[in-house]
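Engineer: Predicted model and sequence below, questions to follow.
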Amino acid sequence: RIQRGSDRVMGPIAILLMLADDYGYNNVGFAHGPLGQGNSEMRTPNLDALAMEGIRLDRHYTYKYCSPTRSSLMSGRLPAHINQNNLCNSITSTSGIDIRVTLLPQKMKEAGFATAMVGKWHGGARSPANLPINRGFDQHLGFLKGGEDHWNQHSSGGLVDLWNGVGPAWGLNGTYSGFLYGDEATAIVTNFASSRGRNGSKKLFMYLPWHNTHTPLEVPPQYPYPPMFQPADENRNTYNGMARCLDEGVGNVTGVLKAAGLWNSTLVIWSADNGGWVGTTGSSNWPLRGSKVTDFEGGVRTVAFISGGFLPDNVRGSIFSGYVHVVDWYATLCNVVGVSPADRVEGVPDIDSIDVWSSLLTPNGTTSPRNEIFLSYSNATFDPTAGQGKGDAALIVGQYKLVVGRQNGRGTWQGPVYPNGTVDPFTDVSCVDGCLFDIFNDPTEHTNLKSSLPNVWTQLNSRLSVLGATVYQTAYTDTPTCISNTQANTLYRGFTGPQCFKTLPPVPPVPPPPPSPKPQPAFALFAAGNCLVPTSLVQFSAVKLEPCSANAVAWVEDPATGWLMWNHGHLFLKVNESGASKSLPVACLQGEVYVNAVDAPPSPNCATCQGFVWVGSMTGHLTSTACPNRCLSANMSRLFGTLGSCGGANAQWTRKNSTDLLVQV
């Protein structure tokens, strides 16, 4: 494990891993890149400060678009060895992150970290097994596909794409995404900071892939960019406002850790997921060539930095110019927290991730253990319907870079003020027959050296052919049967969610009128030392009693009201059996309870009912066994709710047998 400075902290206690979506290389204020300049138009004071106080990564690379970058980051495998398709916008697609591999949050849990994700997943959502909550994250609020409206979270097909752990985030859409995800991330960090005061052993890993600055170009009015910079461009102004909103969110999240005195033990990693999409989307990759969806530097060389008080003093404010690929954070973070990055899975390539931590800790380091970057290779498994171009490929070895293919015709150069009202036809096809660039001496890729350096061209082209034979595209699934879009729309009530299941769930009918109240035995929750443990964190799961673990949270009965409620981290329970009160002395709920700042419980309206009433839950909306028309309507992002009529945004839970609860949506 890593010791930091005189504090001798054995590894960080908070790791924030952030991605900005379609973020342009030139869309920050801090100095970086080949020219060592920042963009004077940008208002990004928090990003600027973090970068200048940390380590700016001069040669940080990703894939040329969204899903493969995220798949690589989470799996520790190069995009060409896990997922190059960008087809996760189709929920039933088998592309994404192979469900058999171990993801980064699972590695962090091995090291004792609580794990949370807020924002864009885009790693596959075909079945419940693909969901973040089942891939190592303890909690998740965000969207599953590749893009959505920033204001109402509507995605392709007109459905709402907003998921909260095990189910749709009913009632949470309708807030600008920068605020929605920023507030949720800030709340998680706030709860972590406050609970750490009571339990100093807690650690947090949070993955925060922001939706800003992906299209559509939308920004709240409090982030205006008047056309003070000439030539003016409305799209550029809107994009700059979106970047300003993102910057504010980053400042809010990191500010909580600073205020709580935890900054010295915090590590922050920030990068774009790919270059900006140049044209009418407002972003700029100047002075680099190209755009998102190209293998030119403007599509794959991203603005990035690491920061936080965990970094040694002697590297703060430095620039690392060695190679780092987004895949390398897998092995690097495993090393930092003291777990093995190894992940051998039959039928899937081994990890490609390289630990670059010791190189990063060399002030203004120039060398990296990574000398080769296999950027992309579009072979027969690559689906050209994604619009990113069959036949494109790219490889970096040392100072040389090989680029092949049409590259979507977007091998364009932008000016220092871009977009500026000019129109680019995007017809560049200069590398159809192959290009060779010296990106150390020609970082803007103006000079094709294929003819003048034939030996170098031959060597890289031969190496590319060898690597091309290793391409692996995830197509594995454990759920061959899927429900229709119409059935899914009914199931999720207008929200997006998994459509493929090992056992098809029934499409729920309209619930019948409630039966006449009569005494019913409560669930078998009387045995001290038992816990409610979800057998599978999916929407159609049973919750079973099992022996409590050391990590369980105790339930305590409220002597005043007898109701289950929140109270400073504890849950209270009232049990009635055939009309006679029977208290539950001690039982446990497995899992970590996050308490809303408002600890006062809701007032239950089922005082005459038999059975028991849940007022707060980690697992979903619950109803009393004898009050079938009263449900908990909870804000699941903050785990606090009130009793309300069943239906609409509520899921009704009913008794399956004496020990199980089953949700009926």
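Structural biologist: Ah, there it is.

Engineer: Going by C-alpha atoms from here, please, whenever you check contacts or count neighbours.
Structural biologist: Will do.

Engineer: low-confidence ranges in the chain?
Structural biologist: 1-9, 197-201, 226-229, 380-388, 505-665 (pLDDT under 70).

Engineer: biggest helix in it by residues?
Structural biologist: Counting residues, the longest helix found in the chain (DSSP state H) is helix 234-259.

Engineer: what packs against it?
Structural biologist: Judged by 3 or more CA pairs under 8 Å, 6 or more residues apart in numbering; DSSP states H and E, the packing partners of helix 234-259 are helix 45-53, helix 177-196.

Engineer: Of all those helices, which one comes closest to F320?
Structural biologist: helix 45-53 (11.7 Å; CA to CA).

Engineer: now for the closest one, which elements pack on it?
Structural biologist: Secondary-structure packing of helix 45-53 (3+ CA pairs under 8 Å, 6+ apart): helix 234-259, strand 304-307.

Engineer: now the closest residue to D350 other than its chain neighbours: how far from G76?
Structural biologist: Distance criterion CA to CA, 6 or more residues apart in numbering; nearest residue to D350, sequence neighbours excluded, is R344 at 5.7 Å. To G76, R344 is 11 Å away according to CA to CA, to the nearest Å.

Engineer: same question, T367
Structural biologist: 21 Å.

Engineer: Count residues in the vicinity of T486, would you?
Structural biologist: When neighbours are defined as other CA atoms under 10 Å, T486 has 9 of them.

Engineer: For F495, list each beta-bridge partner.
Structural biologist: V160 (DSSP bridges).

Engineer: I'd say it and D161 touch.
Structural biologist: Yes: the criterion here is CA atoms under 8 Å, and F495 meets it with D161 at 5.9 Å.

Engineer: more neighbours, those two?
Structural biologist: Neighbours per residue (other CA under 10 Å) separate F495 from D161, with D161 holding more: 25 against 22.

Engineer: Isn't that one up against G146?
Structural biologist: No: with contact defined as CA under 8 Å, D161 does not reach G146; the gap is 9.7 Å.

Engineer: Is A232 in contact with V417, as I believe?
Structural biologist: No: with contact defined as CA under 8 Å, A232 and V417 do not form a contacting pair (9.0 Å).

Engineer: Can you verify N364 is assigned to a strand?
Structural biologist: No: N364: not assigned to a strand; according to DSSP: H, G, I helix; E, B strand; the rest coil it is coil.

Engineer: OK, contacts around K450?
Structural biologist: K450 sits next to 434-437, 456-457 when contact means CA atoms under 8 Å, 6 or more residues apart in numbering.

Engineer: Equivalent analysis for P34, please.
Structural biologist: Per CA under 8 Å, 6+ apart, neighbours of P34: 287, 443.

Engineer: closest to S40 out of the helices and strands packed on helix 45-53?
Structural biologist: Nearest to S40, of those and by CA to CA, is helix 234-259 at 11.2 Å.

Engineer: Direction included, what does the following helix or strand past the closest one pair up with?
Structural biologist: Remark: after helix 234-259, the chain's next helix or strand is strand 266-272, criterion DSSP states H and E. Note on strand 266-272: by DSSP bridges, its sheet partners are strand 14-20 (parallel), strand 304-307 (antiparallel).

Engineer: now for these, which one comes closest to P216?
Structural biologist: So among the strands paired with strand 266-272, strand 14-20 is nearest, using CA to CA, at 14.5 Å.

Engineer: chain center to that closest one: distance?
Structural biologist: 9 Å (CA atoms, centre = their mean, to the nearest Å).
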